[in-house]
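In: this one's sequence-less:
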Ligand SMILES: Nc1ncnc2c1ncn2[C@@H]1O[C@H](COP(=O)(O)OP(=O)(O)OP(=O)(O)O)[C@@H](O)[C@H]1O
């Protein structure tokens, strides 16, 4: 089942001369981790903003095509251009690059409960979801902390907890690690893997660390200049190392080295991991 279907979507910001999205079509399948990569300015953040209806409902411009969100529980379909963002936000949870910009409550637990209280859930349901979100994101014990006092990785996990508490059908993460140090990055990507594997949560992840996407995504979209230029499994995408380089996508070291070795006839298939790199080298060249 597709939880989101994007059909012939084009979007140009007000006053912009160029379209930021050009005839983009793809689906998000229930339970998958869909990775999105592409050079800076290729339209990844703009695309994320269309998935929960911020574009075109709050950020206006020239919008054509459709984004359809399906509620997996009821099967109901919502066209984002006809549905308020408040409703869409309960189905598509969006987490942005900068955790600080998303946190505005005095304590961790208030931050997580905030959206639930606004939706009018009863006290028991709020407590149940609060406990679950704290547990999953590893924030138990920090309930009373002032969010700005948390580390970057904890803050981003809190932003994810606040969104997860709404029990959305899809979690959309727009470069959630770009403002974090390596420790924070590991915490957040570890959480993404856990959500996908142990909780079956559907995740759309924009990440410029291609390494993680190629290792752990189920499917990958590559964007360039507002278009989807490649779509496939991580293996399919790794096979297009030359195209990725041309587009300005930074390759993970194993893929970069295996790409060079393949050109020299010293490797047959691209290596995503170091293990694949080490076991795939052929010498003398075949
Ligand atoms: N608010 C805006 N108004 C006008 N143009 C914008 C706006 N936001 C983004 N753009 C333009 O839209 C295009 C796509 O930008 P977008 O931020 O979606 O790309 P991106 O792939 O997410 O880049 P990055 O990896 O740097 O975040 C760029 O040309 C950018 O300048």
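Out: Everything's here; your move. Every value quoted in this text rests on a predicted model; they were computed, and no experiment measured them. Numbers count the residues shown, from 1 in each chain.
In: all helices for the stretch 1-150 of the chain, in order.
Out: Ranges of helices within the stretch 1-150 of the chain are 44-51, 54-57, 85-91, 108-118, 123-136, based on DSSP state H, counting those that start in this stretch.
In: Of the ones you listed, which is nearest residue 159?
Out: Nearest to residue 159, of all the helices of the stretch 1-150 of the chain, is helix 108-118, at 8.3 Å by CB to CB. In short, each C-beta sits where N, CA and C put it, glycine included.
In: The closest one - contacts with which helices or strands?
Out: helix 123-136, helix 152-164 (3 or more CB pairs under 8 Å, 6 or more residues apart in numbering; DSSP states H and E).
In: and that helix, which residues are buried?
Out: If you call a residue buried by 16 or more other CB atoms under 10 Å, then helix 108-118 has these buried ones: 108-113, 115-116.
In: ok, back up a step: what's the most buried one of the helices of the stretch 1-150 of the chain?
Out: helix 44-51 (a mean of 23; mean count of other CB atoms under 10 Å).
In: How far does it sit from its chain's centre?
Out: Its chain's C-alpha centre and that of helix 44-51 lie 10 Å apart, by CA atoms, centre = their mean, to the nearest Å.
In: Which residues are in contact with the residue nearest the centre of the chain?
Out: Closest to where the C-alpha atoms of the chain average out (CA atoms, centre = their mean) is residue 205, at 1.7 Å. Contacts were defined as CB atoms under 8 Å, 6 or more residues apart in numbering; by that measure residue 205 touches 33-36, 173, 176, 192, 213, 217.
In: In which helix or strand does residue 212 reside?
Out: Applying DSSP states H and E as the criterion places residue 212 in helix 210-216.
In: and that helix, what other elements does it pack with?
Out: Where contact means 3+ CB pairs under 8 Å, 6+ apart, helix 210-216 is packed against strand 33-37, helix 182-199, helix 234-238, helix 253-263.
In: again, only using 6 Å
Out: strand 33-37 (3 or more CB pairs under 6 Å, 6 or more residues apart in numbering; DSSP states H and E).
In: near the ligand, which residues of this protein show up?
Out: Neighbours of the ligand within the chain, by CB under 6 Å from any ligand atom: 13, 16, 20, 38, 40-46.
In: list the buried ones in stretch 11-20?
Out: Buried residues in stretch 11-20 (16+ other CB under 10 Å): 11-12, 19-20.
In: before we move on, what about stretch 182-195?
Out: 184-185, 187-189, 191-192, 195.
In: Any chance of those residues in a markdown table with pLDDT and distance to residue 224 as columns?
Out: Shown next, in a markdown table, are the buried residues of stretch 182-195 (pLDDT from 0 to 100; distance: CB to CB, whole Å):
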| residue | pLDDT | distance to residue 224 |
| --- | --- | --- |
| 184 | 94 | 28 |
| 185 | 94 | 24 |
| 187 | 94 | 30 |
| 188 | 95 | 25 |
| 189 | 95 | 24 |
| 191 | 95 | 29 |
| 192 | 95 | 24 |
| 195 | 94 | 28 |
